[in-house]
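Student: Here's a sequence, model it:
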Amino acid sequence: MSRRRRVALVPLGCPKNLVDSEVMLGALDQAGFEVGVDQHEADVVIVNTCAFIDAAQEEAVEALLDLAELKQHGQCRALIVAGCLSRRFGEELFGELPEIDGIIGPGDLAQITDVVERALAGRRPVEIDGRGEDEAQLPRWAPGPTASRYVKLAEGCDHSCAFCTIPELRGPYRSRPADRIIQECRAIAEAGVKEIVLVAQDTTAYGLDLQPQDSLSRLLHGLRALPLDGWIRVMYLHPDRVDEHLIETIGEHLQVVNYFDIPFQHAAAPVLKAMHRAGSADEYLALVSRIRRAIPDAAVRTTFLLGYPGETEEDFEQLLDFIAEARFDRAACFAFSAQAGTVAASLPNPVPPEVAAERVDRFMEAQEALSLDRNRHFEGQRLRVLLECQDARSGEWVGRSYRDAPEVDGQVLLTSGPTNQTVDPGQFVWAVIEEALVHDLRGRIA
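Tutor: Model (predicted):
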């Protein structure tokens with residue numbers, strides 16, 4: 001009896017890409033492939049790419065070049081490119097990277113088995129025309145034991161931000177039916193996962209395109225009955241749609257953590273206008289204030305785009321004043337990189353890359369001081385922490401509190417308490433915080 005053909009998948013980019021990766025692996029597993037194997041032992045290697053910014057595109061190309069070596073020195077017979085890079089550059093990839101054997105776009109996940117079969121047969125297939133209408137019906141491969149799993153609420157985006165290619169790459173916003181989302185979350189909870197992270201390009205737009213209309217608040221109410229011994233975390237809230245009802249829903253829902261991930265992008269009015277972003281610094285500060293007034297322990301996270309065309313030193317200084325007043329728990333920033341086909345790519349007055357990089361450094365210096373100050377408020381407090389692993393060298397346990405989303409935020413570093421109780425990854429513990437660091441907290445298991 002011949003062995004099953006083996007598939008390895010390398011996910012790059014955002015959590016939404018990770019969900020797509022698990023959907024593709026689920027379809028291949030159902031088709032009889034052995035999935036989730038090491039890339040050095042795989043007959044087929046799929047790279048699920050991101051193309052949002054130049055750095056993501058460069059990362060994807062470097063990964064493809066590295067993995068192409070497996071066709072020369074390993075047992076790989078087919079290298080497949082999936083995701084946004086495929087949508088962005090299409091068949092151009094074949095000319096630039098002849099090692100590629102097949103291409104599939106982010107809206108064609110249901111075709112993955114056919115693409116792999118044709119690639120193995122030497123036919124170099126291209127599938128980049130779909131918009132993912134049938135992917136909600138596909139099985140999703142479950143990795144080994146893990147503390148957290150992402151669940152995608154919708155695909156695509158209807159916003160028209162001048163710098164963003166997502167609507168072009170992933171199409172218009174398309175919500176998944178609530179019953180399918182709840183069913184998936186229930187299966188994840190029953191499998192023992194402790195944290196469900198809800199993602200979409202804009203989670204606050206959930207359900208507005210459905211008939212009858214639905215909403216994120218209503219979906220969260222529908223998740224109350226989950227057999228979940230843990231947390232639900234919501235990411236990617238658009239500031240225009242974080243209203244009082246949503247704030248109240250998150251504050252009252254016992255399983256939804258008091259965590260607000262709201263990408264503001266900037267605070268200076270000229271830059272926001274050039275970005276095609278509604279709102280103002282005063283409106284954003286009022287929103288942060290309303291959240292913290294309703295939920296005093298709320299953690300607010302955001303991201304900003306620096307060096308946008310036309311951004312002046314005065315605009316940047318206004319942003320620094322803004323974060324000083326808002327005092328975000330977490331704030332990240334990225335230097336602008338022009339993406340072909342976007343409005344921003346043709347704007348006048350580009351900011352020199354060295355100036356943008358210098359502003360990124362100044363921003364992070366200011367935010368790190370604010371972050372340290374915010375973290376010091378937790379010294380001496382007890383926090384519930386989800387353990388993820390134990391550092392083999394230090395012996396410290398590494399976990400996350402409600403303030404820490406997977407991969408993008410800080411961690412809580414813990415030593416065992418005086419009773420030296422037995423603990424395991426994926427377990428909740430209570431911790432006493434003893435020291436605040438810039439991004440992390442350190443303490444002991446209570």
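
Student: Now do the buried residues in stretch 399-419.
Tutor: By 16 or more other Cβ atoms under 10 Å, the buried positions in stretch 399-419 come out as 399-406, 409-414, 416-417. In this view, the C-beta of every residue, glycine as well, is placed from N, C-alpha and C.

Student: swap that for stretch 77-87, sorry
Tutor: Judged by neighbour count (16+ other Cβ under 10 Å), stretch 77-87 contains these buried residues: 77, 78, 79, 80, 81, 82, 83, 84, 85, 86, 87.

Student: Go through the residues you listed and flag which are in helices.
Tutor: 84, 85, 86, 87 (DSSP state H).

Student: quick one, what contacts the second one?
Tutor: Same thing as residue 85. Taking Cβ atoms under 8 Å, 6 or more residues apart in numbering, we find residue 85 in contact with 49, 50, 51, 57, 60, 93.

Student: nearest to residue 192, of the residues you listed?
Tutor: Using Cβ to Cβ, residue 50 comes nearest to residue 192 of the contacts of residue 85, at 29.6 Å.

Student: Could you pull up phi and psi at the closest residue to the closest one other than its chain neighbours?
Tutor: Of all residues not flanking residue 50 in the chain, residue 13 sits nearest, at 2.7 Å (Cβ to Cβ, 6 or more residues apart in numbering). With angles defined as degrees, to the nearest 10, residue 13 sits at phi 90, psi -150.

Student: Can you tell me the element residue 232 falls in?
Tutor: strand 231-234 (DSSP states H and E).

Student: could you give the mean pLDDT of the helix or strand that comes right after that strand?
Tutor: For strand 231-234, the following helix or strand on the C-terminal side (DSSP H and E) is helix 244-252. Mean pLDDT, helix 244-252: 97.

Student: next structured bit after helix 244-252?
Tutor: Following helix 244-252 toward the C-terminus (DSSP H and E): strand 259-261.

Student: Provide a list of residue ranges in the stretch 301-446 of the chain with pLDDT below threshold.
Tutor: Applying pLDDT under 70 to the stretch 301-446 of the chain picks out residues 417-420.

Student: What segments of it are helices?
Tutor: Per DSSP state H, counting those that start in this stretch, the stretch 301-446 of the chain carries helices over the ranges 313-326, 353-376.

Student: still on that earlier bit, now, among the buried residues of stretch 77-87, which is nearest to residue 307?
Tutor: residue 84 (22.2 Å).

Student: residues touching the closest one, list them.
Tutor: So residue 84 contacts 13, 17, 49, 50, 51, 52, 106, 165, 169, 170 (Cβ under 8 Å, 6+ apart).

Student: Look up the closest residue to residue 75, ignoring the ones flanking it.
Tutor: Residue 75 sits nearest to residue 43 (Cβ to Cβ, 6+ apart), 6.3 Å away.

Student: Residue 139 too?
Tutor: Leaving aside its sequence neighbours, residue 139 sits nearest to residue 26 (Cβ to Cβ, 6+ apart; 3.8 Å).
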